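Trainee: Got a predicted structure plus its sequence, pasted below:
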Amino acid sequence: MRKKEILIAGLLLATLAAQEHKTGGVTPEQALARLMEGNKRYTSTHLSHPHESAEWRHSLSKAQHPFATILACADSRVPPEILFDAGLGDLFVVRVAGNIASDAVLGSIEYAAEHLGTSLILVMGHESCGAVQAAIGGGEPKTHIERLTRAIDPAVARAKKEKGDLVANAVRLNVELVVEQLRTSKPILADLAAQGKIKVAGAVYDLDSGAVNLLP
């Protein structure tokens, strides 16, 4: 009898999970609030570790419906699923050093927005970013690293005109420039943004506190 009860409970959980996926779509504001609530749990060490069960994993085998797209740096200290206390299928994450938006990155984000229905795109930089520091230092000539830092050069050029910490300013400006790049990326993202179907936001992660600080 006990085994039958467990089986029924498992089937119920899988059904509920499938229903949540089908009815998933949240507004950009709801998605952002959900992210920030998760980060608050992370910084207060009251993690819920959602969507990690075998039943939930099984429910994802046929389809995915993430509620947000995160473009983050590849830095090993900045894993979005952990920082936002999210689980399997919750976030569509694209990670590359310096959180830059190359054509391949843009294509990935377009796919999430158009085919998976994510209404929020969050570009997240972080303090003491090595890619930004490399761009400030001039990159490494004749390497692929130099090609990466070139994408960050415009942010560094602007940061040099501002007062304050050069690296911190460049990290922030790099996020702002990528946010603008995504908002105006044609044909898909710009059109969806103009229709109010997606929101592109920026943030900087604090390595010490664990807080994700949204940019204006």
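Mentor: Thanks, I have the structure now. Quick caveat: nothing in here was measured; it's all calculated off a predicted structure. Numbers count the residues shown, from 1 in each chain.
Trainee: Quick one: classify the residue sitting nearest the centre point of the chain as helix, strand or coil.
Mentor: Nearest to the mean C-alpha position of the chain, by CA atoms, centre = their mean, lies Ile70 at 1.3 Å. Put simply, Ile70 is strand when judged by DSSP: H, G, I helix; E, B strand; the rest coil.
Trainee: mind listing the helices for this protein?
Mentor: Assigned by DSSP state H, the chain shows helices spanning 2-22, 28-43, 54-59, 80-83, 103-115, 130-137, 144-150, 153-159, 166-183, 188-194.
Trainee: ok so, going back, if I look at the residue nearest to the centre of the chain, how far off is Val212?
Mentor: Distance of Ile70 to Val212, computed by CB to CB, to the nearest Å: 10 Å. C-betas here are computed from N, CA, C, even on glycine.
Trainee: again, but for Ser48
Mentor: Using CB to CB, we find Ser48 at a distance of 17 Å from Val212.
Trainee: which one of the two has more residues nearby?
Mentor: Val212 (23 against 13; other CB atoms under 10 Å).
Trainee: list the contacts for that one?
Mentor: Contact analysis of Val212 by CB atoms under 8 Å, 6 or more residues apart in numbering lists 35-36, 39, 83-84, 124, 203-206.
Trainee: before we move on, back to that, determine which of the helices of the chain approaches Arg95 most closely.
Mentor: The closest of those to Arg95 is helix 80-83. By CB to CB, the value is 7.9 Å.
Trainee: Output the contacting helices and strands for that closest one.
Mentor: Judged by 3 or more CB pairs under 8 Å, 6 or more residues apart in numbering; DSSP states H and E, helix 80-83 is in contact with helix 28-43, strand 91-95.
Trainee: Turn the ones you listed into JSON lines, including distance to Arg57, mean neighbour count and mean pLDDT.
Mentor: As requested, these are exported to JSON lines (distance: least, CB to CB, whole Å; neighbours: other CB atoms under 10 Å; pLDDT from 0 to 100):
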{"stretch": "helix 28-43", "distance to Arg57": "19", "mean neighbour count": "18", "mean pLDDT": "98"}
{"stretch": "strand 91-95", "distance to Arg57": "15", "mean neighbour count": "20", "mean pLDDT": "98"}
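Trainee: what's across from the nearest residue to Leu32 once chain neighbours are set aside in the sheet?
Mentor: Excluding the flanking residues, the one nearest Leu32 by CB to CB, 6 or more residues apart in numbering is Leu120, at 5.6 Å. Beta-bridge pairing for Leu120 (DSSP bridges): Lys199.
Trainee: Please check the contacts of Val212 and keep the buried ones.
Mentor: Buried subset of the contacts of Val212 (neighbour count, 16 or more other CB atoms under 10 Å): 35, 39, 83-84, 124, 203-205.
Trainee: so how far is Thr184 from Gly137?
Mentor: Computed as CB to CB, the Gly137 to Thr184 distance reads 29 Å.
Trainee: whoops, Gly38 was the one
Mentor: According to CB to CB, Gly38 and Thr184 sit 29 Å apart.
Trainee: and what of His51?
Mentor: To Thr184, His51 is 33 Å away according to CB to CB.
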